[in-house]
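Peer 1: mind folding the following:
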Amino acid sequence: MNLDKIFEYLKAFKKFPTYQFERRIDAFMLPYLETHFNEHFKKEFGTVNPDFVFLYPEFPIERNNKFQNSGVEKIQEKYADYVDYIMWSAHLKTIYLVEFKTEINSLTKEQFNTYFEACSRGWASLVQYYFSKAIHNTNWRKFLEGLEYMNNLVSGILGFDGELSLRGFIEKERGFGVNKYLKDIKGQIKFQIEPRVRFVYLAPAESLKQLNLFATEINDSNNCYAGLISLAEFSETVDEKLKEVLLEIENDGIKQWKIPLMWNGYCPESWLQGKTVRMKLNGNDFFESEETALQICILSGVQAIILNFRGNGNFLSHSVFADEIEKGEMLSPQTTGIPPFNDGVIFTTTMEVASYIHNIQS
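Peer 2: All right, here's what the predicted structure looks like:
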């Protein structure tokens, strides 16, 4: 196998818009997961060996979209998220949901909250949902294979004392009665001591600012969020070929953070830092938002400037303009009540805009 050529292709293709780079590169990362998780959490907990086991890939978790129809619970594919890796520590008695990211701009508050809610519901709930997916899926054989794999790898991890055998079931039932078989097992799930569940991101180091911001918006009294394992840190565990790729991703992440984005009507939350801003749109009409200290432009059709601002009062040296800004002028929120708001105040320097933003912050 020509690994040099494989990694050469991976590094080139990861820049392409539809190439699923994460799905390709993680095949090379899997052999190192257990080793690195042992090293990382040994530092956090001071244990001799957390004894991590890579339990399962692409584990389905509910996105709070169950709905009832004639009293029958429907579980649909589009209503599930899939955790990249499930890690189990026998010493810590904890399940870790691991989300692998290679791009900072793919971080979302919705996914963060989904993982937090999944952890809050507990491992028994996650196992129950896996069974529900199997029961309502024509591809039940693969789900049963997954259940059998987990049960054989870590005895009792599913809260079920008996054996789960796909071959035995097929030989006995000839494929019929699968729903009853799975429902019977699902009904027997019971943990004497239910494992704790936490979630952790495996992502570029620059992701930490965004993730910590998400964390400030949840009530994480059970310490579900386990933070970030940076790709730079993870690279210390792997071979040189993979290390080179991971460090390149880290460098790309730094560039992503610093490159200005064109205004598209949405302000990335990574720049918001929980500021509350009151916008004077016209006359006594105020728009107050807890979502942005950046968006001078709120309403459709309003022409404005968006500054690359991280929410701490420090402005970068460049600006990002909305569509239709004429002659490169920096415009404030408009003061007339009728679109297209052509008589807005014109700023000539970044400092003037910075001052304006500070003045409208409540």
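
Peer 1: what residues of the helix or strand containing residue 40 count as buried?
Peer 2: Using DSSP states H and E, residue 40 maps to helix 33-45. Burial within helix 33-45, assessed by neighbour count using 16 or more other C-beta atoms under 10 Å, is assigned to 33, 34, 36, 37, 38, 39, 40, 41. Where C-beta positions appear, they are placed from N, C-alpha and C, glycine not excepted.

Peer 1: what sits up against stretch 10-17?
Peer 2: Stretch 10-17 is touched from outside by 19, 21, 24, 25, 102, 245, 248, 249, with contacts defined as C-beta atoms under 8 Å, 6 or more residues apart in numbering.

Peer 1: can you select the buried ones among those for me in ChimeraX?
Peer 2: Buried residues among the contacts of stretch 10-17 (16+ other C-beta under 10 Å), as a ChimeraX selection:
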select :21,25,102,245,249
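
Peer 1: looking at the contacts of stretch 10-17, which are in helices?
Peer 2: Of the positions in the contacts of stretch 10-17, 21, 24, 25, 245, 248, 249 sit in helices, assigned by DSSP state H.

Peer 1: may I see those residues organised as CSV, with distance to residue 227 and pLDDT added?
Peer 2: Rendered in CSV, the data for the ones in helices among the contacts of stretch 10-17 read as follows (distance: C-beta to C-beta, whole Å; pLDDT from 0 to 100):
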residue, distance to residue 227, pLDDT
21, 24, 89
24, 26, 90
25, 22, 92
245, 23, 91
248, 23, 89
249, 19, 89
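
Peer 1: what is the most widely separated pair among these?
Peer 2: The most widely separated members of the ones in helices among the contacts of stretch 10-17 are 24 and 248, with 14.3 Å between them, by C-beta to C-beta.

Peer 1: tell me the spacing between residue 112 and residue 61.
Peer 2: Computed with C-beta to C-beta, to the nearest Å, the distance linking residue 112 and residue 61 is 13 Å.

Peer 1: residue 55 against residue 88, yeah?
Peer 2: Yes - the pair residue 55 and residue 88 passes the contact test of C-beta atoms under 8 Å, sitting 4.6 Å apart.

Peer 1: quick one: common contacting residues for those two?
Peer 2: In contact with both residue 55 and residue 88: 95, 154, 157, using C-beta under 8 Å, 6+ apart.

Peer 1: what about the helices in the chain?
Peer 2: Using DSSP H, the helices of the chain run over residues 3-13, 21-29, 33-45, 109-121, 123-135, 140-153, 166-173, 178-187, 207-216, 231-234, 240-258, 350-360.

Peer 1: can you redo those as a markdown table with distance to residue 194?
Peer 2: Converted to a markdown table, these look like this (distance: least, C-beta to C-beta, whole Å):
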| stretch | distance to residue 194 |
| --- | --- |
| helix 3-13 | 39 |
| helix 21-29 | 28 |
| helix 33-45 | 19 |
| helix 109-121 | 11 |
| helix 123-135 | 5 |
| helix 140-153 | 15 |
| helix 166-173 | 26 |
| helix 178-187 | 16 |
| helix 207-216 | 24 |
| helix 231-234 | 29 |
| helix 240-258 | 34 |
| helix 350-360 | 48 |
